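1. requesting a structural model of the entry that follows:
(one chain, ligands or ions: 1)
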Amino acid sequence: MSAFAVSGRIAQRRKRIATVAATAAAVALAGGTVFTVSAYADDTRAQLSGGNWSTELTSAPKTPATTPVSTTNAVAASAVTASPVWAASQSAATAAQAKAAAQAKVQAAAAAKAKAEAAAKDAAQAKAVAASRAAERAKLAAAKAAAAAKAYVTPVAHPTISENFGVPGPWAAGYHTGTDFAVNVGTAVHAVTSGTVVSAGWQNAYGNTVVVHLSDGRYALYAHLSHIGVQAGQHVAKGAQLGKSGNTGNSTGPHLHFEIRTSNAYGAVVNPVTYLKQHGASL
Ligand SMILES: [Zn+2]
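-> So this is what the prediction gives:
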């Protein structure tokens, strides 16, 4: 056999080995049969040795001697990926990755659940706070409405004080026993709160006067009226018109003289403005 023929046979063998190695690697990668390529390579080399290998090598170039080695190395490398140990390690790695992924998934789910629970808790708290505030606002509004319902009104609209209570002067008591509101004659005079009229008529220095007994036991006196619109014994509601302001009796000009008495007697008086303010009147 010529050296050329030997080279041709070796080339064919190399091609077959490469094909087998590639197939083995492909099978191994596909997770199929574990294929011992190294044994096949040895067998191939044995077949090569079985012929006129030793004699023909003398005339053959170095290539055949080195090529099978490198081929064997390539096959051996392929064999690593095809070995049971490698496959097992790969399986273990895949399993570890899957486990880690599952754990991450569980942790993410737990975190999401905790976040949702926290959000729900916050929402519930916010709702409770809002409800509490709404209840508080409603309570305040109700209290305000109740206070407004109970609040006294001023005896005349837009009251302007022309003489304060308690000022020393030429009065019988030695001081001013009421508060004067400067109003034109004919201005409507209102009941500061509900009560019962105890007198409605002329009272000497007070001129035309209305006295109303209030629910708290006090008496409200409205003096110097030009007109009286109520009668003794009549119940009057808060804000009801009792008459019209004037300048009757001992009066130096048009005004309403207003008193709050603790009993229906001259001089038994308190500061009417203070009293009205204590009962919510705006002045
Ligand atoms: Zn007066």
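2. what does Asn250 show for phi and psi?
-> With angles defined as degrees, to the nearest 10, Asn250 sits at phi -80, psi 90.
3. the residue lying closest to it once chain neighbours are set aside in helix, strand or coil?
-> Closest residue in space to Asn250, ignoring its immediate chain neighbours: Ala205 at 4.1 Å, by C-beta to C-beta, 6 or more residues apart in numbering. Placement of C-beta: from N, CA and C, glycine included. At Ala205 the chain is in helix, as set by DSSP: H, G, I helix; E, B strand; the rest coil.
4. next up, the contacts around Ala205.
-> Residues near Ala205 by C-beta atoms under 8 Å, 6 or more residues apart in numbering: Ala172, Gly249, Asn250.
5. quick check: phi and psi at Arg133.
-> Dihedral angles of Arg133 (phi, psi; degrees, to the nearest 10) stand at phi -70, psi -40.
6. state the distance from it to Asn164.
-> Arg133 sits 43 Å away from Asn164, going by C-beta to C-beta, to the nearest Å.
7. surely Ser226 touches Val183?
-> No: with contact defined as C-beta atoms under 8 Å, Ser226 does not reach Val183; the gap is 10.6 Å.
8. out of the two, which sits in the more crowded spot?
-> The neighbour count for Ser226 versus Val183, taken as other C-beta atoms under 10 Å, is higher for Val183 (22 against 17).
9. can you get me a residue count around the spatially closest residue to Gly249 that is not a sequence neighbour?
-> Among residues not flanking Gly249 along the chain, Gly207 sits closest, at 2.7 Å (C-beta to C-beta, 6+ apart). Using other C-beta under 10 Å, Gly207 has 18 neighbouring residues.
10. now name the helix or strand holding the residue of the stretch 51-200 of the chain found nearest the ion.
-> Closest residue of the stretch 51-200 of the chain to the ion, C-beta to the ion: Asp180 (4.1 Å). Element membership for Asp180 (DSSP states H and E) is strand 179-181.
11. give me the sheet partners of the helix or strand following that strand and which way each runs.
-> Counting by DSSP H and E, the next helix or strand C-terminal to strand 179-181 is strand 188-190. Strand 188-190 pairs in its sheet with strand 241-244 (antiparallel), by DSSP bridges.
12. just put the contacts of Ala205 in TSV and tack on distance to the ion and pLDDT.
-> Shown next, in TSV, are those (distance: C-beta to the ion, whole Å; pLDDT from 0 to 100):
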residue	distance to the ion	pLDDT
Ala172	12	92
Gly249	10	97
Asn250	9	94
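13. give me the buried subset of the residues you listed.
-> Among the contacts of Ala205, the ones that count as buried by 16 or more other C-beta atoms under 10 Å are Gly249.
14. find the nearest non-adjacent residue to Leu214, please.
-> Gly195 (4.4 Å).
15. quick check: bridge partners of that neighbour?
-> Assessed by DSSP bridges, Gly195 has beta-bridge partners Leu214, Val236.
16. close enough to count as contact, it and Val212?
-> Yes: with contact defined as C-beta under 8 Å, Gly195 reaches Val212; the gap is 4.1 Å.
17. those two: which has the busier surroundings?
-> Comparing Gly195 with Val212 by neighbour count (other C-beta under 10 Å), the higher total belongs to Val212, at 25 against 22.
18. what about that one, which helix or strand?
-> Assessed by DSSP H and E, Val212 sits inside strand 208-214.
19. contacting residues for Ala148?
-> Ala148 sits next to Gly280 when contact means C-beta under 8 Å, 6+ apart.
20. which pLDDT value belongs to it?
-> Listed pLDDT for Ala148 reads 85.
21. which is the succeeding secondary structure element to the helix or strand where it lies?
-> If you go by DSSP H and E, Ala148 is part of helix 84-150. The first helix or strand that comes after helix 84-150 along the chain, using DSSP H and E, is strand 161-163.
22. for that following strand, which helices and strands make contact with it?
-> Counting contacts by 3 or more C-beta pairs under 8 Å, 6 or more residues apart in numbering; DSSP states H and E, strand 161-163 is packed against strand 179-181.
23. average model confidence for the strand it packs on?
-> On average, strand 179-181 scores 98.
24. helices or strands up against that strand?
-> Secondary-structure packing of strand 179-181 (3+ C-beta pairs under 8 Å, 6+ apart): strand 161-163, strand 256-261.
25. quick one: buried residues of stretch 216-235?
-> Of the residues in stretch 216-235, 218-230, 234 count as buried by neighbour count, 16+ other C-beta under 10 Å.
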